[in-house]
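Peer 1: Just to be clear, the model below is a prediction. Sequence and coordinates:
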Amino acid sequence: MKTYYIEYTNQEVDLEDCPFCGSDPIVKRLSLDSWFIRCSNKMCMAEQAVYRSLSEAAIHWNHRV
């Protein structure tokens with residue numbers, strides 16, 4: 001698990017690597033209350049649904065199998 005600093009919100013989040021390919025995740029803030037996490041490997045295409053908070057998105061990303 002690695003800690004990522006989200007610069008524009010001054011938040012930190014602990015995220016696991018992608019469970020499918022091992023690449024780093026990418027965190028995106030879509031709006032004030034919409035967060036999305038996806039795999040940085042464009043060939044992998046692992047992604048999550050949109051969540052209302054960064055912590056909720058992180059929980060779901062880290063508990064995938």
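Peer 2: Nice, I can see it.
Peer 1: Please name the residues that touch residue 52.
Peer 2: By CB atoms under 8 Å, 6 or more residues apart in numbering, the contact list for residue 52 reads 33-35. C-betas here are computed from N, CA, C, even on glycine.
Peer 1: how does it look with 6 Å?
Peer 2: residue 33 (CB atoms under 6 Å, 6 or more residues apart in numbering).
Peer 1: where does the chain have low pLDDT?
Peer 2: When residues are selected by pLDDT under 70, those of the chain lie in 65.
Peer 1: Centre of it to the edge, which residue is at the far end?
Peer 2: Computed with CA atoms, centre = their mean, the residue of the chain farthest from its C-alpha average is residue 43, at 16.8 Å.
Peer 1: so that residue is in which element?
Peer 2: Assigned by DSSP states H and E, residue 43 belongs to no helix or strand.
Peer 1: SS state for residue 58?
Peer 2: Following DSSP: H, G, I helix; E, B strand; the rest coil, we place residue 58 in the helix state.
Peer 1: Run a quick neighbour tally on it.
Peer 2: Residue 58 sits with 21 neighbouring residues when counted by other CB atoms under 10 Å.
Peer 1: how much space is there between it and residue 51?
Peer 2: Going from residue 58 to residue 51 by CB to CB, to the nearest Å gives 9 Å.
Peer 1: ranges for the helices of this structure?
Peer 2: Applying DSSP state H to the chain gives helices spanning 54-62.
Peer 1: Find the centremost residue of this structure, please.
Peer 2: For the chain, the residue nearest the mean C-alpha position is residue 37 (3.1 Å; CA atoms, centre = their mean).
Peer 1: Pull up the gap between it and residue 6, please.
Peer 2: When residue 37 is compared with residue 6 (using CB to CB), they lie 11 Å apart.
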